[in-house]
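Trainee: give the three-dimensional model of this entry:
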Amino acid sequence: MVDTPRRQQIDDVASALFRDRGYAATSVRDIAHALHIQGPSLYAHVASKEDVLWSIVTRAADRFNAEVGPIAASEAPAPVKLREMIRAHVDVVTSAQRDAAVFLHEWRFLSDDRRTQMAARRDAYEALFRHAIAEGVAAGTFESVDPRLTAMAILSALNGIATWYSPEGPLSPAQIANQHADLFLRSLTCDPPRRPSA
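Mentor: Got it, this is the predicted structure:
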C-alpha cells in the first residue's frame, strides 16, 4: 500500500482541524501535533498556515468545478441540467465534507490577494447555476425568477449540508441530493410551460 504523501497528510489533517475548530483557532503546533511531528518539521513542507488553507480551498474549488462544470456546459435542457448540477454539488459536499466546509466558511481568512482570487472563482462557479436558471427562464420551462437570487438560494441550501450531513444519518447523499433537486425543480418549473421569451 502506498503511503499518503506528507503534503497531502498535512492538508487532510488541517482540513479536519479547520472545520472543527476554525482556521483562526488552529495553530501550526496543533497541525503538527495531530501529525505526531514537531512544529518546525512542518515548515519543511509548507511555508505558512495560510498556505495550507489556500491549498485546501483550491482543492475544493477544483473539485466543485470538475464535477459541475461539464454538466453546466452540456446541451441538456435546463431542468435536466440543473438537477444534475445539484446532484453533483451535493456529491462533492458529502464526499469531501471537510474540504467543502473549509472552502465555504474559512476562505475569508485568506490574505487580500488570495481572497480576491477565490472570490472570483466562487462567483464564476455560482454563475454556472445562474446561467442554467436563465436558460430555463428563456426557454419557458422555468418561472420568471431572478437567476442570481435563485442561484444564491439554491447554493445556500446545498452548502448548508456541509454543516449537518453525517454518513450515519438516515438519508444517503443521493437521497439528500434528489430531495433538494425535487424541491427546487418543483418550485421553478412552469406547468404548463410558458411561451419562450423572444
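
Trainee: name the nearest residue to residue 176, sequence neighbours excluded.
Mentor: Nearest non-adjacent residue to residue 176, counting by CB to CB, 6 or more residues apart in numbering: residue 90, 5.9 Å away. Bear in mind the C-beta positions are built from the backbone N, C-alpha and C, glycine included.

Trainee: quick check: which element contains the one you found?
Mentor: Here residue 90, judged by DSSP states H and E, is contained in helix 78-95.

Trainee: other SSEs contacting the helix or strand of the chain at the bottom of the mean pLDDT ranking?
Mentor: Least confident helix or strand of the chain, by mean pLDDT, DSSP states H and E, is helix 39-42 with a mean of 76. Applying 3 or more CB pairs under 8 Å, 6 or more residues apart in numbering; DSSP states H and E, we find helix 39-42 packed against helix 28-34.

Trainee: check which residues of the helix it packs on are buried.
Mentor: Buried residues in helix 28-34, counted by 16 or more other CB atoms under 10 Å: 28, 30, 31, 32, 34.

Trainee: now do stretch 162-181
Mentor: For stretch 162-181, the buried set under the neighbour-count rule, 16+ other CB under 10 Å, comprises 162, 165, 173, 176, 177, 178, 180, 181.

Trainee: now do the lengthiest helix in the chain against helix 78-95, angle only.
Mentor: Longest helix in the chain by number of residues (criterion: DSSP state H): helix 112-139. Angle, helix 112-139 to helix 78-95, by axes from the mean of the first three to the mean of the last three CA atoms, to 10 degrees: 150 degrees.

Trainee: avg pLDDT for helix 112-139?
Mentor: Regarding helix 112-139, the rounded mean pLDDT is 97.
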